[in-house]
Structure formats: C-alpha cells, structure tokens
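> How does the following fold in three dimensions:
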Amino acid sequence: MSAPAGGVTANELLAVMGSRELKDNTTVFAGVGAPMLASALAQRIHAPGLTMVVEGGIVGPKWKPGWLPISTNEMRAAYRAQMLLGITDAFLLAQRGFLDVGFIGGAQIDRYGNLNTSAIGGSYDRPKVRLPGSGGANDIISLCREVIILTLHEKRRFSETVDFITSPGWLAGDHSRRRSGLLFGGVSRVVTTLGIFGFEPSSRRMRLEAVHASVTVDEVRESTGFEVLVSDTLTTTKAPTDEELGILRMLDPARQFL
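Model prediction:
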C-alpha cells in the first residue's frame, strides 16, 4: 500500500475524503477515529447543518478542539449536544429512518461490501484471530439510509469472501439484500487510502470510481483480493488542502487519532 503523499497520514486522508462525502443538513452516525474526524471536519468546511449522532445516545454535539472523545460513551462526546438519549434510543432513531449516513469500518470486506469484525481464519468457534464483534456496526449498516465505509486499503482486508458476515452490505449482490428483509439503505461508498469505490447498480459489485493522487489502477488491483471493476468515468481526487489538514490538526493537536 502506498503511503499518502506530502506528510498526510492515512487517517487524515480517510477523514478528508470521508468528510467530502457528507452533505449539509443531514444526520450522520459517527464512530470514533476517522469517521468522527470526517464528521467534525465537514461541519467546519461545508456542512454546518450536519447533525452527528454518537452510539452512546448523543445527538448534535459540537466537539471542542483538542478534546475529541476517545469513546462513544464518554461525556466529552456530549460537548454542546442537543440531546442525550439512551443507547437503545440512538438505534431506534436509525430504525425509524432518521439517520441519513452511517460511518463504519471492518477488518475484512468483500466485493459486495459485506464486513467482518468477528473472526478470521479457522472456524467461528476456533478462529485464528478473534475480533471484537459487531457492537453497533450491524445496526448501522442495516438501518441507516446510506453507509460509507472508511478503511485502510490492504489486500488482506479486501478479500474474495469474508470469513464471517458481521455487517451485511449487498450480501450476494443483485437484489439479495432486499430479499433478506433489509428493505432500505445499503453501502454507497467505500473510501480507502488508495481511492473511492461505488457499487455497480445492477450487480452491486464494488467499482473503482476515483483514485487518489499518484495512485494507479494497477496499484489498486495489486492491493485487492478480488477482481476490481473500474468506472468508465474514473477520476482523480483532489489532495487534502492546507485548510482541511489545519482544521484536523486543530481538532486533534495531540494527533491522538491521526
């Protein structure tokens, strides 16, 4: 995997590219790390009306620079929040269709956007690696109107099949997600350290829509464990600006998340 150019860290690159996918006057279910940074950055650049929802039951916080929460359940996450709910009420908002975008990540992802955060290798009962499990990830990917995945781009992460489907993307493609009972939502974008993927509308297979500066399609293919579809209108993303990086580093001067 190529390192981001110009002294930009992988998390900074993910945060900037993720933030650009967010729209003003929408709601986003934001997790700790790059998703949180992306949401806070979008609020300060182009989406002042963006409302963040945090898994612990916090709605509409405006986080204090230098005091970003390290957990979705600590009170720093509630700084200047509009509402403080219970954790079950936060997911009830998603179930009722009030959350526009969910940010999520995973240890493994396949061509249909299915995610594994449960177990890798061997059997489920005796895996080679036991991962932390779903947490709220399954709820987010199942209930939000749209899901954006932020992840490092490594061949071991982008696999032909995931060892366990913790969080259902488009399942087996085509209409299989709808047939399973998930009647709305789905993964719209996969933002990685090499580029940005969408999904082919009929097959629901992951498709490369843009590469980052200095990244080639061949490099993406070499770093992916399945065949990479490439859009006919492939573009190159704009590098993070000084303004975007400056705001990120103001939000997290100790570079705890960067």
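> where does this protein have low pLDDT?
1-6, 256-258 (pLDDT under 70).
> Which secondary structure state is assigned to Glu12?
Following DSSP: H, G, I helix; E, B strand; the rest coil, we place Glu12 in the helix state.
> Tell me the spacing between it and Gly122.
For Glu12, the distance to Gly122 (CB to CB, to the nearest Å) stands at 35 Å. In short, each C-beta sits where N, CA and C put it, glycine included.
> okay, these two: which has more neighbours?
Neighbours per residue (other CB atoms under 10 Å) separate Glu12 from Gly122, with Glu12 holding more: 23 against 12.
> Not counting its neighbours along the chain, what's nearest Thr235?
In space, and not counting its chain neighbours, Thr235 is closest to Ala210: 4.6 Å by CB to CB, 6 or more residues apart in numbering.
> The one you found: what's it in contact with?
Contact partners of Ala210, counting by CB atoms under 8 Å, 6 or more residues apart in numbering, are Gly195, Ile196, Leu234, Thr235, Thr236, Thr237.
> helix, strand or coil for the third one?
So the one you mean is Leu234. strand.
> correct me, but it touches Leu208?
Yes. If you go by CB atoms under 8 Å, Leu234 and Leu208 touch, sitting 6.5 Å apart.
> quick one: common contacting residues for the two?
With CB under 8 Å, 6+ apart as the test, Leu234 and Leu208 both reach Val217.
> between the two, which one's more packed in?
Neighbours per residue (other CB under 10 Å) separate Leu234 from Leu208, with Leu208 holding more: 21 against 13.
> before we move on, the earlier item: please tell me which one of the contacts of Ala210 counts the most neighbours.
Counting by other CB under 10 Å, top hit in the contacts of Ala210: Gly195 with 26 neighbours.
> ok, now which ones touch that residue?
So Gly195 contacts His153, Leu208, Glu209, Ala210, Val211, His212, Val215, Val220, Thr237 (CB under 8 Å, 6+ apart).
> What count of nearby residues applies to the residue lying closest to it once chain neighbours are set aside?
Distances taken as CB to CB, 6+ apart place Val211 nearest to Gly195, at 4.2 Å, with adjacent residues excluded. Neighbour count for Val211, taken as other CB under 10 Å: 20.
> Now do the contacts for Val211.
Listed by CB under 8 Å, 6+ apart, the contact partners of Val211 are Leu194, Gly195, Val217, Val220, Leu234, Thr235, Thr236, Thr237.
> Kindly indicate which of the residues you listed lies nearest Phe91.
Using CB to CB, the shortest approach to Phe91 within the contacts of Val211 belongs to Gly195, at 31.2 Å.
> any idea how far the closest one lies from Gln108?
Gly195 is 18 Å from Gln108, where distance means CB to CB.
> Likewise for Met75?
Met75 sits 33 Å away from Gln108, taking CB to CB as the criterion.
> Between these two, which is the more surrounded one?
Neighbours per residue (other CB under 10 Å) separate Met75 from Gln108, with Gln108 holding more: 24 against 12.
> Leaving out the residues flanking it, which one is nearest to the more buried one?
Spatial nearest neighbour of Gln108, chain neighbours left out: Asn116 (3.9 Å); criterion: CB to CB, 6+ apart.
> Verify the stated contact: the one you found with Thr166.
Yes. The pair Asn116 and Thr166 qualifies as a contact (CB under 8 Å) at a distance of 5.4 Å.
> got the CA positions of the strand or helix carrying Ala94 in CSV?
Assigned by DSSP states H and E, Ala94 falls within helix 87-95. C-alpha atoms of helix 87-95 as CSV (Å, rounded to 0.1, in the frame of the first residue of the first chain):
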residue,chain,number,x,y,z
ILE,A,87,-28.0,3.9,23.6
THR,A,88,-31.1,2.0,22.6
ASP,A,89,-32.9,5.3,21.6
ALA,A,90,-30.0,6.1,19.3
PHE,A,91,-30.5,2.9,17.4
LEU,A,92,-34.3,3.5,17.5
LEU,A,93,-33.7,6.7,15.5
ALA,A,94,-31.9,4.6,12.9
GLN,A,95,-34.7,2.0,12.8
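> Give me the contact list for that helix.
For helix 87-95, contacts defined as CB under 8 Å, 6+ apart pick out 29, 53-59, 73, 85, 99, 102, 136, 139-140, 143-144.
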